[in-house]
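Novice: structure for this input, please:
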Amino acid sequence: MSIDVLQEKIRSMKNPVMVGLDPYLPILPRHIVRDALEEHGQTPRGAAAAYTRFCTELLDALRGVVPAVKLQSACFEALGADGIAAMQTLSRYATDQGFYVLIDSMRGDVGSVAEIYAQAMFGTVPIGSTAHRLYSCNALTVNGYLGSDGVRPFLPYCKHDEKSIFLLLKTSNKSSREVQDLLSGDRVIYTAMADLAMRWSEGLFGRSGYSQIGAVVGATYPQTLRLLREKYDRLFFLVPGYGAQGGTARNVQGAFDRFGHGAIITASRSIICAWQSSGSDGRDYCAHAVAAAEKMKQDLAEHVTVL
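Specialist: Got it, this is the predicted structure:
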């Protein structure tokens, strides 16, 4: 199952780091933007070409350094059809390079629309007598706060097609407390969501012991991370908020069990934009990204030992 694949990649590399690929023209090295816009014009196609080159070169550099990558769909969808095509291309390329691939789109809808989302991201889309696989990914972020109508359409893919979903539980943003910390009976909302995740997980536990339904829990709430790990030891955690958002290696140690299993820590800007703090012109951005990823691994290893 998908989470088993992720856990094994983490174990084999002794590295629970997932790099977020969040391209945006203002943060890209100038030479990449210049070359793409000169060739394709100041158009969405030009921006998509810059994103594709930037991310492809990062994937080449990070192969063998980190086990997993995350594509932020909003960055690509903002460019329309050209951006979506770039995301499709990059999802296939990252898979071919051996990464565990998550598309961070926080999908949330119900009924037939949720079914279409699940089919588009995880399955094949029938067109006439043909069927087309549009994306190559292992997992997707999903907003479970719409209830079971928004989650169940994804579950057959988790059970039969080696896919996983990560439900928003306690997110890293400051205003998450406005909703997720409210009381629902004798529980806070995010623990009610965790209880639902466990209920929906029936028949979805892999050989690693974890459900194919994972949970998004922010690094910016270390005490919550620790409490959730203690109570929900069969949910695999996707932990954003490390680095640029303020999360530290010490903050996230509570996300792991005693074997250093059960979580992967994501970082985006602190790795892909590491070149910006070096005084570099960006031509060596890949080397800086690799150095930042390795530094993150070392920092985590001071608090978490992956066995």
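Novice: helix or strand next in line after the helix or strand containing Phe166, which one?
Specialist: For Phe166, the host element (DSSP states H and E) is strand 164-170. With elements assigned by DSSP H and E, the helix or strand that comes after strand 164-170 is helix 177-180.
Novice: what are the contacting residues of that next one?
Specialist: Under the criterion CB atoms under 8 Å, 6 or more residues apart in numbering, residues 145, 169-171, 188-190, 193 lie in contact with helix 177-180. The C-beta positions use only the backbone N, C-alpha and C, and glycine is treated the same way.
Novice: tell me where the stretch 51-200 of the chain has strands.
Specialist: 68-72, 100-107, 125-127, 130-132, 139-142, 164-170, 183-184, 187-188 (DSSP state E, counting those that start in this stretch).
Novice: in the sheet, which strands lie alongside the last one, parallel or antiparallel?
Specialist: This means strand 187-188. Looking at strand 187-188 with DSSP bridges, its partner strands are strand 183-184 (antiparallel).
Novice: how far out from the middle of the chain is the strand it pairs with?
Specialist: Offset of strand 183-184 from its chain centre (CA atoms, centre = their mean, to the nearest Å): 28 Å.
Novice: stretch 8-22 now?
Specialist: When C-alpha coordinates are averaged (CA atoms, centre = their mean), stretch 8-22 and its chain have centres 11 Å apart.
Novice: span of it from start to end?
Specialist: 25 Å (CA to CA, to the nearest Å).
Novice: can you pull up the most central residue in the protein?
Specialist: Lys70 (4.0 Å; CA atoms, centre = their mean).
Novice: from what I can see that residue touches Val17, true?
Specialist: No: Lys70 is beyond contact range of Val17, at 10.8 Å (criterion: CB atoms under 8 Å).
Novice: what's the overlap in contacts for these two?
Specialist: Thr266.
Novice: what residues does stretch 139-153 touch?
Specialist: For stretch 139-153, the surrounding residues in contact (CB under 8 Å, 6+ apart) are 2, 6, 100-111, 114-115, 117-118, 121-122, 154, 163-168, 179, 193, 196-197, 200, 213-214, 216, 238.
Novice: picking up where we left off before, relative to Pro26, which of the contacts of helix 177-180 is nearest.
Specialist: Thr171 (24.5 Å; CB to CB).
Novice: tally of neighbours for that closest one?
Specialist: 21 (other CB atoms under 10 Å).
Novice: listing partners with orientation, what would you give for the strand holding Phe166?
Specialist: Paired strands of strand 164-170, with direction, are strand 139-142 (parallel), strand 213-217 (parallel) (DSSP bridges).
Novice: ok and it relative to strand 100-107, angle-wise?
Specialist: Angle, strand 164-170 to strand 100-107, by axes from the mean of the first three to the mean of the last three CA atoms, to 10 degrees: 50 degrees.
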